[in-house]
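J.: okay, sequence plus prediction incoming.
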Amino acid sequence: MIAASPGNGEAGMQWAAITGVIATVSVFAIAQGLSYPLLSFILQRQGVSPAMIGLSAAMTPIGFIVSSPPIPALARRFGAGRTALTCAALSAVLLALIGWTQNVYLWFPLRFLIGVVTNPLYVLSEIWVIALAPPARRGRIMGIYSTIISAGFAAGPLCLLAVGTLGWPPFLVGIGAFVLCGICLASVLPRLPKVDEAGHQVSILGFVPLAWLLLFAVIVAAGFEQGALALLPVYGTHYGIAEARMSALLTVMIAGNIAMQVPLGLLAERLTARFVRLVCISVTALGCALLPFLIETPLIWPMIFIWGAVSYGIYTMSIIELGERFTGSTLVAGNAAFSLMWGVGGIAVPPVAGSAMDVLGAGGLPLTLGLLCLALAVASVAGREKA
């Protein structure tokens, strides 16, 4: 009988840690995916206007933006593990307060705070996955990570089918998910790498010149996702397409996102993440150009599936490249900057695309998203970064 080598034991612990962190983030994603529609349904029953519901929902991404810059300092001051565990506990408490108050005006600060405390948990977990992933398999691991995150967010609303949207049961599911998230994280914490070491420190502003192109890619990926999800139903009404069909198209788009991140990650291992990202950008821009011609034909179904895959693939490839190029405190700053840029893109692009639709009609949506992708493609070909 051959004894296991120390190297095999270390590899086993590494994979166990990766599995534990991904489980942590998947539970977190379910809780987040459940809370957005739940709170909207409750506010709608209370007779709150759609504009007020939208403003209320915007508080969480604003919390993401505000909390991103302090994450590197928090990780150094208190330790990444302690910071993440504290954020999981505070998320559960804040969701309980939201369930207890049931007041649209009190929900504004509470939803802002839940964005503030969930963001470090997400950012630090993502950093651990990047740091743990063996370089030769980083593409597939980050593909699995992106797939599970997307599936978790999609599973959140499905939980409401089981428990409904009335009373405490849906809130208890979300609170329990955040508690389970903390338990999963605590179970693997001793195996996680140190990402908060002392020494040369990089702030988010200091990171920007090191990887401005990656940050631009994150803005485009976030803006595209949020713009498409928010405005494709409006786009469909211009062509007289039923709401049920547009909902089905959005579902297919999300399915493409979920199904194709692992294959794209494997492709990145063979062809480099930078090249695959450029391909994703180009295909996404092509989809923008084809949308008006295919929206009323059966070809829209495979096209929207691929669109969902490659548009989110821009972000997946950017995360893979981030892990290839940076480590330690620079990686912490970079991932916090990614979170900040995701919030900026998600908040800024939908209003711009919506305004373009007001001026130009339905074509304003694919035009806005297409020009954004084209600008990123040109910058990707012509741009040079310091690191």
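T.: Structure received. Numbering: from 1, shown residues only.

J.: could you list the buried residues of the longest helix along the chain?
T.: Scanning the chain for the longest helix, with DSSP state H as the assignment, gives helix 6-45. The neighbour-count check on helix 6-45 (16 or more other C-beta atoms under 10 Å) flags 17-18, 20-35, 37-43 as buried. C-beta here means a position set from N, CA and C on the backbone, and glycine is covered the same way.

J.: other SSEs contacting it?
T.: Identification of packing neighbours for helix 6-45 by 3 or more C-beta pairs under 8 Å, 6 or more residues apart in numbering; DSSP states H and E yields helix 50-67, helix 80-101, helix 104-132, helix 138-163, helix 169-188.

J.: in the third one, which residues are buried?
T.: Of all the residues in helix 104-132, those buried under the rule 16+ other C-beta under 10 Å are 104, 107-108, 110-132.

J.: quick one: list the elements packing against that helix.
T.: helix 6-45, helix 50-67, helix 71-78, helix 80-101, helix 138-163, helix 300-325, helix 328-360.

J.: so the longest helix of the chain versus helix 138-163, what angle?
T.: Helix 6-45 runs at 40 degrees relative to helix 138-163, counting by axes from the mean of the first three to the mean of the last three C-alpha atoms, to 10 degrees.

J.: any low-confidence regions in the stretch 151-300 of the chain?
T.: 195-200 (pLDDT under 70).

J.: what ranges do the helices span in it?
T.: Here the stretch 151-300 of the chain has its helices, by DSSP state H, counting those that start in this stretch, at 169-188, 204-207, 212-238, 243-271, 273-294, 300-325.

J.: show me the contacts for residue 123.
T.: 68, 71, 332, 335, 336, 338, 339 (C-beta atoms under 8 Å, 6 or more residues apart in numbering).

J.: picking up where we left off before, ranking the helices and strands packed on helix 104-132 by burial, who's on top?
T.: helix 300-325 (a mean of 24; mean count of other C-beta atoms under 10 Å).

J.: show me what it is packed against.
T.: helix 104-132, helix 138-163, helix 212-238, helix 243-271, helix 273-294, helix 328-360.

J.: which of those helices sits closest to residue 186?
T.: Among these, the nearest to residue 186 by C-beta to C-beta is helix 104-132 (12.5 Å).

J.: what angle separates that closest one from helix 80-101?
T.: 160 degrees.

J.: report the contact partners of residue 239.
T.: 295, 296, 362.

J.: at 6 Å instead, please
T.: Shown in contact with residue 239 (C-beta atoms under 6 Å, 6 or more residues apart in numbering): 295, 296.

J.: one step back: and which of the contacts of residue 123 is nearest to residue 273?
T.: For those, the nearest to residue 273 is residue 338 (14.0 Å; C-beta to C-beta).

J.: returning to what we had before: how about the contacts of residue 123 in JSON lines, adding distance to residue 239?
T.: Formatted as JSON lines, those follow (distance: C-beta to C-beta, whole Å):
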{"residue": "68", "distance to residue 239": "39"}
{"residue": "71", "distance to residue 239": "43"}
{"residue": "332", "distance to residue 239": "46"}
{"residue": "335", "distance to residue 239": "40"}
{"residue": "336", "distance to residue 239": "41"}
{"residue": "338", "distance to residue 239": "35"}
{"residue": "339", "distance to residue 239": "36"}
